[in-house]
Every structure is written in structure tokens, then in C-alpha cells.
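In: What shape does this take:
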Amino acid sequence: MTIQKRWVIAIMGSFAHLSIGTVYAWSFFQNPISQSYNWSNSMTAWAFSLAIFILGVTAAWGGKNLNRFGPRKMAVTGSFLYAFGYIISYFAFKTQSLALLYLGFGIIGGMGLGLVYVTPVATVSAWFPDKQGLVTGMVVMGFGLGAFVMSKLIAPQFMQLFNNDLAKTFLSIGILLLIILPFFSSFLEPKEKPGSIDKKQESVIPYIKRIDYILIWFMFLFNIIAGMIFLSFQSPLLQDLLREKGITNKIIIENRGATLIAVSAIFNGLGRFFWGAVSDKIGRISTFRILFLLQIIIFIILVFSKDPIIFFVGVCIILLCYGGGFGVLPSLIKEKYAGLMASIYGITLIAWGFGGIIGPQIIAFMKDNYPDNAATLSYYIALALLSLGLINSLFLKQKAVNQ
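Out: Numbers count the residues shown, from 1 in each chain. Take a look at the predicted model:
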């Protein structure tokens with residue numbers, strides 16, 4: 001019965017992550033929002049950046065307090081907050097209030113994201129001590145696939161239904177999330193009773209001050225920034241390349257942008273599962289080294305290529321590696337800080353929050369100020385950061401693999 005229960009928890013946790021992973025389809029809305037309300041790329045992208053930043057900060061708090069409140073209560077609360085973020089965005093668009101969009105989608109929605117994200121990962125990790133990389137990779141794979149569901153199924157249907165009315169589209173998405181997300185979250189059950197292991201919980205401070213943890217934190221951050229450049233602007237960047245090739249039909253280029261979001265989302269999701277499983281075989285640090293090397297090669301190719309097909313493939317590979325970082329991280333933290341996994345994992349997700357600001361704002365700034373060379377300049381920055389990430393990984397010790 002326990003074996004069956006833990007798989008139900010893992011599957012429902014994956015669906016919860018799938019639901020909140022819809023935030024990764026932001027680039028589907030980036031151009032329509034910016035153009036409809038005459039907001040700059042940077043101003044518009046801050047809604048997404050805030051959501052990811054608040055996600056990271058809230059996840060840190062959630063990881064620390066998970067045993068106190070329990071995963072079910074925390075995830076259901078986060079479910080409502082994320083749904084309300086979309087609903088508040090309806091009023092932001094109706095009143096053309098950028099500040100209200102930041103509050104709704106960015107802050108309130110971001111808080112919901114953080115609470116829902118951290119709970120399934122930590123909970124499933126406790127239920128599957130024998131399949132860490134595989135099962136936590138499966139759960140976070142759901143988050144990566146959320147962009148596929150949003151960009152190819154949910155958003156286009158609502159945009160068509162409401163004649164491209166962004167306000168009604170966001171309201172409808174919010175109502176849909178309000179129905180399904182609390183349902184998935186309600187299945188999250190702790191292996192230990194809430195509060196049962198809180199009494200003498202060891203402080204995380206001495207651990208996060210250590211050089212090996214700091215290296216892990218920055219290694220994760222650099223991997224995030226590289227992926228965020230595309231997650232926030234992959235559709236607009238592809239559309240720019242298509243226009244350079246002489247394709248001007250708006251419907252065609254928007255559809256191809258949506259297709260890229262959907263296909264790259266599959267790679268993002270599969271990367272979490274695939275690289276998590278790979279790390280079980282070759283080790284966590286070795287896997288991160290491969291992720292950095294592969295991305296460095298891809299960004300070098302993209303610097304010299306203006307071909308939309310090469311860009312399409314390159315984005316998919318970058319997001320395969322981006323997702324891989326999320327697939328490997330829970331196992332890495334569990335391996336090094338077993339008794340404090342939830343707390344330290346949550347703190348590490350703050351790097352995600354900072355990456356969610358830095359990555360989108362790099363490309364947004366470039367597009368606003370250097371539109372002709374925005375992509376290339378952003379790629380150079382990504383190359384520098386990925387190289388630093390690779391250097392970081394070389395200073396980390398690889399735990400012996402027992403297979």
C-alpha cells in the first residue's frame with residue numbers, strides 16, 4: 001500500500017508542477033503585452049522576472065517551514081495564490097496598470113509558485129530514498145512541460161475564443177488554475193507527520209557558509225541565467241530571425257514562435273528527467289560539467305549563426321540543459337545535506353529567483369537599447385557565465401558512484 005501511495009504522490013506532484021510550469025510560457029505573451037499597452041520590453045519582462053524572483057525567495061521560506069505546516073497545506077495555499085495572480089492580472093490589463101500586473105502576476109503569483117514548487121520536490125524526495133535522481137527528475141519534468149501545455153493548448157484557445165483579449169485570457173487561465181491546481185496539491189502527503197522532526201532541527205547557517213555550498217549556489221545560478229535568456233524571449237528572438245529571412249506574415253511567425261515554446265518545453269521537461277537519471281549513474285557534479293560544456297558549444301554556434309532552424313535546435317538543447325540543472329539539484333542537495341534537504345534546497349532556489357531577474361533583463365535591455373545585436377550580445381554574456389559555472393564545478397568534489 002505504501003509503494004502505491006508514494007507513486008500517487010509523485011504523479012500528483014508532477015501534475016502540480018505541470019500546472020505552475022505554465023509560467024514558463026511567458027514569452028508567448030511578451031510581445032502581445034508589450035505592443036498592446038506600449039510598455040517597453042524591459043518593463044513588460046519585469047512581471048516575469050518578479051514572479052521568478054519571488055518564487056525563489058518564497059521557496060526558501062517554504063523549504064524551511066515545510067515540516068511545520070505540511071506539504072498539503074502549503075501547496076494548496078500556493079495554488080490559490082498562483083491562480084489569483086492571473087485573476088489580478090485581468091484587472092491590471094483592464095486598467096492598463098503595470099504596477100498591478102507586477103503585484104498580481106509577479107508578487108502574489110510568484111509567492112504561489114514558490115510554495116507549490118518546493119513542496120512536491122521535498123516530499124517526493126523523502127518518499128523515494130532509493131530513486132532520488134529519477135523520481136525528483138520526473139516531478140520537476142512536469143514544471144518544464146508546463147510551457148508546452150500553456151503555449152500550444154491553453155493560451156491559443158483562450159486568445160482565439162476572446163479575440164486576442166489579454167485580460168479575458170488571463171482571467172480564464174486563473175479560473176482554470178483555481179479549479180485544477182488545488183486538487184493536485186491536495187494529494188501531497190508527508191512521510192513524517194508535520195512538526196514531528198522540527199523540535200531539534202539543525203541550523204543551516206554553518207552549511208551555507210561553506211565554500212562548497214557557495215560554489216553549488218553560483219553554479220546553479222549561472223545555469224539558470226543562460227536558460228532564462230530564452231525562456232523569457234525565445235519567441236520574440238525567433239520572430240526577429242524569421243523577419244530577417246523575409247517572412248512577414250504575422251500569423252505565421254507568431255505560430256512558429258508558439259511552436260518553439262512548446263517544443264523547447266518538452267526538452268526542458270525531459271532534461272529534468274533525463275539528466276536526473278544520468279546523475280544517478282555518473283554523479284551529480286560530473287553531470288553539471290557536461291551541462292556547462294554542451295551549452296558553451298551551443299552558444300558559440302549561435303553567436304555565428306542567423307539561421308532560424310539552428311536557433312530552434314539550439315534553444316531546445318539549451319533548455320534541455322537548463323532543465324537538467326533542476327533535475328540534478330535535488331539529488332545533489334540530498335546527497336550533501338541529507339538531514340536538511342528541504343531547507344537547503346529552498347535556499348538554493350533563491351539562485352533561481354536572481355536568475356529570473358538577471359536573464360530576462362539582460363535580453364530585454366539589449367532589445368530595447370541594441371535591437372540589431374541584442375541576441376549576439378546576450379549570447380556573449382551567457383558564454384561568460386557558463387564558463388564561470390564550469391570553473392566552479394571543477395572545484396567541487398565528486399561523490400563516488402556505487403553502481
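In: average model confidence for whatever helix or strand residue 225 lives in?
Out: Following DSSP states H and E, one finds residue 225 within helix 211-244. Here helix 211-244 scores 94 as its mean pLDDT.
In: export the worst-scoring helix or strand of the chain on mean pLDDT as CSV, just CAs?
Out: Lowest by mean pLDDT, DSSP states H and E among the helices and strands of the chain is helix 132-148, with a mean of 81. The C-alpha atoms that make up helix 132-148 are tabulated as CSV, following Å, rounded to 0.1, in the frame of the first residue of the first chain:
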residue,chain,number,x,y,z
GLN,A,132,16.4,10.2,-6.0
GLY,A,133,17.5,11.4,-9.4
LEU,A,134,14.9,9.5,-11.3
VAL,A,135,11.8,10.5,-9.3
THR,A,136,12.7,14.1,-8.4
GLY,A,137,13.6,14.5,-12.1
MET,A,138,10.1,13.2,-13.0
VAL,A,139,8.4,15.7,-10.7
VAL,A,140,10.4,18.7,-11.9
MET,A,141,9.9,17.5,-15.5
GLY,A,142,6.3,18.5,-15.0
PHE,A,143,7.3,22.0,-14.4
GLY,A,144,9.3,22.1,-17.6
LEU,A,145,6.4,20.7,-19.7
GLY,A,146,4.0,23.4,-18.3
ALA,A,147,5.1,25.8,-21.1
PHE,A,148,4.0,23.3,-23.7
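In: Could you look up the next helix or strand downstream of it?
Out: helix 155-161.
In: Quick check: buried residues in that next one?
Out: For helix 155-161, burial by neighbour count (16 or more other CB atoms under 10 Å) applies to 155-156, 158-159. Bear in mind the C-beta positions are built from the backbone N, C-alpha and C, glycine included.
In: And for stretch 249-267?
Out: 253-254, 256-258, 260-267.
In: show me where pLDDT drops low in the stretch 51-200 of the chain?
Out: For the stretch 51-200 of the chain, applying pLDDT under 70 flags the ranges 132-133, 193-200.
In: Mind doing that once more with 50?
Out: 196-199 (pLDDT under 50).
In: What segments of it are helices?
Out: Counting by DSSP state H, counting those that start in this stretch, the stretch 51-200 of the chain has helices at residues 71-94, 98-101, 109-127, 132-148, 155-161, 166-185.
In: Contacts for the next helix or strand after the last one next, please.
Out: Spelled out, that is helix 166-185. Next in sequence after helix 166-185, counting helices and strands by DSSP H and E, comes helix 205-208. By CB atoms under 8 Å, 6 or more residues apart in numbering, the surrounding residues in contact with helix 205-208 are 213-214, 217, 337, 340, 344, 347.
In: Can you say which of these are buried?
Out: Buried by 16+ other CB under 10 Å: 213, 217, 337, 340, 344, 347, out of these.
In: Skipping its backbone neighbours, what lies nearest the first one in space?
Out: I take that to be residue 213. Spatial nearest neighbour of residue 213, chain neighbours left out: residue 207 (5.9 Å); criterion: CB to CB, 6 or more residues apart in numbering.
In: Can you give me the separation between that neighbour and residue 399?
Out: Distance, residue 207 to residue 399, using CB to CB, to the nearest Å: 16 Å.
In: For these two, indicate the residue with more neighbours.
Out: Neighbour count, other CB atoms under 10 Å: between residue 207 and residue 399, residue 207 has more, with 16 against 13.
In: Could you measure from that one over to residue 348?
Out: When distance is defined by CB to CB, residue 207 is 11 Å away from residue 348.
In: now residue 295
Out: Taken as CB to CB, the span from residue 295 to residue 348 is 19 Å.
In: repeat for residue 370
Out: Looking at residue 370 against residue 348, where the rule is CB to CB, the gap reads 33 Å.
In: swap in residue 185?
Out: 22 Å.
In: what is the mean pLDDT for the one helix or strand residue 35 maps to?
Out: According to DSSP H and E, residue 35 maps onto helix 26-37. For helix 26-37, mean pLDDT rounds to 93.
In: by contact count, what packs against it?
Out: helix 41-69, helix 166-185, helix 211-244, helix 250-282 (3 or more CB pairs under 8 Å, 6 or more residues apart in numbering; DSSP states H and E).
In: Please repeat the previous calculation with a cut-off of 6 Å.
Out: Identification of packing neighbours for helix 26-37 by 3 or more CB pairs under 6 Å, 6 or more residues apart in numbering; DSSP states H and E yields helix 41-69, helix 211-244.
In: so what's residue 314 up against?
Out: By CB atoms under 6 Å, 6 or more residues apart in numbering, the contact list for residue 314 reads 298, 302.
In: With adjacent residues omitted, what lies nearest to residue 258?
Out: residue 151 (5.0 Å).
In: Overlap in contacts, residue 207 and residue 348.
Out: By CB under 6 Å, 6+ apart, no residue touches both residue 207 and residue 348.
In: thinking again about what came up before, could you save the buried ones among the contacts of helix 205-208 as a markdown table and add columns showing distance to residue 311?
Out: Below are these laid out as a markdown table (distance: CB to CB, whole Å):
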| residue | distance to residue 311 |
| --- | --- |
| 213 | 36 |
| 217 | 30 |
| 337 | 39 |
| 340 | 41 |
| 344 | 37 |
| 347 | 35 |
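In: picking up where we left off before, what comes into contact with the helix holding residue 35?
Out: Residues contacting helix 26-37 (CB under 6 Å, 6+ apart): 41, 44, 48, 96, 151, 155, 232-236, 258, 261.
In: for residue 399, helix, strand, or coil?
Out: With DSSP: H, G, I helix; E, B strand; the rest coil as the basis, residue 399 sits in coil.
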